[in-house]
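no sequence for this one, just the structure:
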């Protein structure tokens, strides 16, 4: 079973406030306590790490008080500990006390997005864009794009911006935001169209032109994208950031030597650009030159910039060399930044290998205590570690306990579905997915997962196909969803159509499961040599994949 989308994103610490959504129930009897007592209850529950109880008590304190500061405290506490339903209710109370609070409305919009309540999210962000919270709607879209991109699912963010753009159709920044979101949600046609519209409105705005170049490359028109980016690079006044972005495009399209030629002058001399050093190090790493990569990242570390990235990659290099002690030292120092979670997961894996599963789990528990905003993600890491150590029962127990703490986490609910599927309890997995779809109607992630699960079991194929088609409409270039469509068509006996979808999936992001399905369709079509070649290539890329190995053995003449 495939994880079809990126996990639910982390909380942005820089975000400051948003108000809630109706319909989550009234205050309980506890709200009849005075606010001071309810705040004390919340503090005590938080000390016991009983997060839902703490968030509920703080929210009840806000509802029992006319003090805006208490409502703000309740909203922030719930939000920071990923209690999104409580955050929504607390923010609703905050807005009731102060309808003009921009911070409360921001919290409300993000909470709604996390909960897949797109109507509410649209209304909150539309009000922000028109309220004077920003100098102009254009400035508002520039600010909102990074603020919301790491929340909710990528298709939901795209739909949110699609709705907001409809309210501001002549704002270039609005189309740029939609195009950026569409690119992340694997909707390349929408990304290209939105970027083009942004460039039509603001002909000389470089970010829109670079977005168009990236979108063209993603859509398969590599040369047009590179030509568009190159024109910006050679233009008078082109800045370093434009040069670096073009170099990354060259590398992404397999033009590594051209990328190196562009990056190298920025990685040496009197003025060193850390981004250039990092990019060269990644290129060295990708071609397997560990010595050169190590020197690059040591150089990056010495600049004092991007230190966490440098330490993470140095740890990765040590790990690939089999030097676990050195890897552990590097990874342990990555305590912040975008790589913190991955680095601490590597630390846990190494410790589990040295001292058993409990050692790795303890490390992640300690990390979680210092990073409460990463709580659901750390639960996912702990469950994944248990699975990797072949302790599926422990993984399920970790997920159950995690969901008791973070009931609003889509990521954890999906992880539990996959755990049920791994242990062979398909009926329970389908029940959980159907409940998720009731809770989040129209959610592409859930639609695709349920459709694929049904198709994989050869059950309710018409329903499965409809669900996958609905997900594909939101994210038409997602390799995993294309794979799902190919697989359900295979189950329905529509082999030529299935082959088209699976070849497209393989082109966009081949992995072992896509290769397994592609080979099955080729085999069923009588293309047995092609099927064997597909599985052989998959095995070479994934030598420990038992499914590919077993299927290839059965396919031998």
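Arrived safely, thanks for sending. Because the structure is predicted, anything quoted here is derived from the model rather than measured.

When you work out contacts or count neighbours from here on, use the C-alpha atoms and nothing else.
Will do.

now the chain, which segments are flagged as low pLDDT?
The chain contains residues with pLDDT under 70 at 1-31.

Walk me through the domains of it.
By the assignment in automatic domain parsing, the chain contains the domains 8-133, 272-334.

Just send those domains back as JSON lines, with mean neighbour count too.
JSON lines is the format used below for these (neighbours: other Cα atoms under 10 Å):
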{"stretch": "domain 8-133", "mean neighbour count": "22"}
{"stretch": "domain 272-334", "mean neighbour count": "20"}
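
And stretch 122-138, end to end?
Stretch 122-138 has an end-to-end distance of 16 Å (Cα to Cα, to the nearest Å).

Now do that stretch: distance to the chain's middle.
26 Å (Cα atoms, centre = their mean, to the nearest Å).

got the contact list for that stretch?
102, 105-106, 108-109, 140-141, 160, 163-164, 168, 171-174 (Cα atoms under 8 Å, 6 or more residues apart in numbering).

just the residues you listed now: which is nearest residue 539?
When the contacts of stretch 122-138 are compared for distance to residue 539 (Cα to Cα), residue 160 comes out closest, at 40.5 Å.

What is the neighbour count of that closest one?
22 (other Cα atoms under 10 Å).

follow-up on the earlier one: with residue 462 as the reference, name the closest of the domains of the chain.
Of the domains of the chain, nearest to residue 462 by Cα to Cα is domain 8-133, at 25.5 Å.

Do I have it right that residue 162 meets residue 179?
No - proximity of residue 162 to residue 179 does not meet the contact threshold set by Cα atoms under 8 Å, at 9.2 Å.

Give the residue from these two that has the larger number of neighbours.
Taking other Cα under 10 Å, residue 162 and residue 179 do not tie; residue 179 has more neighbours (31 against 22).

Check whether that one sits in a helix, strand or coil.
At residue 179 the chain is in helix, as set by DSSP: H, G, I helix; E, B strand; the rest coil.

which ones are touching the nearest residue to it once chain neighbours are set aside?
The spatial neighbour of residue 179 that comes closest, neighbours along the chain excluded (Cα to Cα, 6 or more residues apart in numbering), is residue 191 at 4.1 Å. Going by Cα under 8 Å, 6+ apart, residue 191 touches 178-183, 212, 215.

what's the helix or strand for residue 191?
Residue 191 is located in helix 188-201, with elements delineated by DSSP states H and E.

List the buried residues of that helix.
188-199, 201 (16 or more other Cα atoms under 10 Å).

Check which element follows that helix along the chain.
As assigned by DSSP H and E, the chain's next helix or strand after helix 188-201 is helix 206-218.

buried residues in the helix or strand that that next one is followed by?
Next along the chain after helix 206-218, taking DSSP H and E as the criterion, comes helix 222-234. Using 16+ other Cα under 10 Å as the test for burial, helix 222-234 gives 222, 225-226, 228-230, 232-233.

Please verify my assumption that residue 75 contacts residue 90.
Yes - between residue 75 and residue 90 there is a contact under Cα under 8 Å: 5.0 Å.

ok, and what's touching stretch 288-308?
Residues contacting stretch 288-308 (Cα under 8 Å, 6+ apart): 274, 277-278, 280-285, 310-311, 313-314, 317, 333-337, 339-340.

Thanks a lot, catch you later.
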